[in-house]
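Q: I would like to see how this sequence folds:
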Amino acid sequence: MLTVGLTQRGTRQGSLQLSCFAAPSNLAVSATVKRKAGALGGDSPYGPRRKRESCEDEGTLSRLIAYEEIRQLASRYALALGHCDLDALVELYVDDVEVAPGRRGRQELARHFDHFLRAYPVHFVMVGGHVINFQSESRASGTVYSLSEFGGEDVWLRQALAYEDDYEFRDGAWYFSKRRRHQLFYGGDTGLRPLAQAPANWPDSALGRGTLPQDWPSWQQYHQSTP
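A: Presented below is the predicted three-dimensional model:
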């Protein structure tokens, strides 16, 4: 069995070249691993990869645009949370989204988010690897990693999550078709109290409390409003 390995040759520019070497015979892939690898299909959250004969396939450009528009949903979700912008947040969902049994629509979804944002006034959400699988031209599902920090002056929490999403193309745009499902890796109190620090006066100092999100008009408007 031949395995492709990457080695660095002593070329003048120090460039990388591929070389092949024989793998030890005792590293043969087991039948179980082969079976599992071959069984990955449309139900797998991370596969299969979409294969094309060439970059000239009909619909390739529209599919690439769809990938990017769906990725933007996750990024806009994170930013809207940080801004405490309920209007921007709920507009990422279909207008008849189910929030809970008997509760549908963006207004009900806004009430759901309002409860969470009031409990923790500051949210910082980073989104990572985002895998998207299409079921049709108008429906898709995906998994995206997220590292979140949130809290107030008395508590500062961190969570590592995987969001499992469903998307729908409707009226010329992609939306979340359901409330996002959170799968937790871990969560806990960081022991930090970043909002209790003295002002950093950035960029004079890199240490201390910054001006975000308090400087964002939408954050100010939200926290000045009556619950």
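Q: what bridges to residue 159?
A: Beta-bridge partners recorded for residue 159 (DSSP bridges): residue 148, residue 187.
Q: residue ranges for the helices of this structure, please.
A: 31-39, 60-83, 86-90, 106-119, 217-224 (DSSP state H).
Q: take those helices and lay them out in a markdown table including mean pLDDT.
A: Below are those laid out as a markdown table (pLDDT from 0 to 100):
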| stretch | mean pLDDT |
| --- | --- |
| helix 31-39 | 43 |
| helix 60-83 | 95 |
| helix 86-90 | 97 |
| helix 106-119 | 94 |
| helix 217-224 | 96 |
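Q: any idea which of these gets closest to residue 194?
A: Closest to residue 194 of these is helix 60-83 (C-beta to C-beta; 14.2 Å). To be clear about C-beta, it is placed using only N, CA and C from the backbone, and glycine gets the same treatment.
Q: now that closest one and helix 106-119, what's the angle there?
A: Angle, helix 60-83 to helix 106-119, by axes from the mean of the first three to the mean of the last three C-alpha atoms, to 10 degrees: 50 degrees.
Q: tell me the helices and strands packed up against helix 60-83.
A: helix 86-90, strand 122-134, strand 139-151, strand 156-170, strand 173-176, helix 217-224 (3 or more C-beta pairs under 8 Å, 6 or more residues apart in numbering; DSSP states H and E).
Q: reformat the ones you listed as JSON lines; add distance to residue 207 and mean neighbour count.
A: As requested, these are arranged in JSON lines below (distance: least, C-beta to C-beta, whole Å; neighbours: other C-beta atoms under 10 Å):
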{"stretch": "helix 86-90", "distance to residue 207": "31", "mean neighbour count": "18"}
{"stretch": "strand 122-134", "distance to residue 207": "17", "mean neighbour count": "16"}
{"stretch": "strand 139-151", "distance to residue 207": "17", "mean neighbour count": "19"}
{"stretch": "strand 156-170", "distance to residue 207": "16", "mean neighbour count": "17"}
{"stretch": "strand 173-176", "distance to residue 207": "38", "mean neighbour count": "19"}
{"stretch": "helix 217-224", "distance to residue 207": "23", "mean neighbour count": "14"}
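Q: make a markdown table out of these and add distance to residue 201.
A: Converted to a markdown table, those look like this (distance: least, C-beta to C-beta, whole Å):
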| stretch | distance to residue 201 |
| --- | --- |
| helix 86-90 | 30 |
| strand 122-134 | 19 |
| strand 139-151 | 22 |
| strand 156-170 | 21 |
| strand 173-176 | 39 |
| helix 217-224 | 20 |
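Q: number of nearby residues for residue 81?
A: Other residues lying near residue 81 total 23 when counted by other C-beta atoms under 10 Å.
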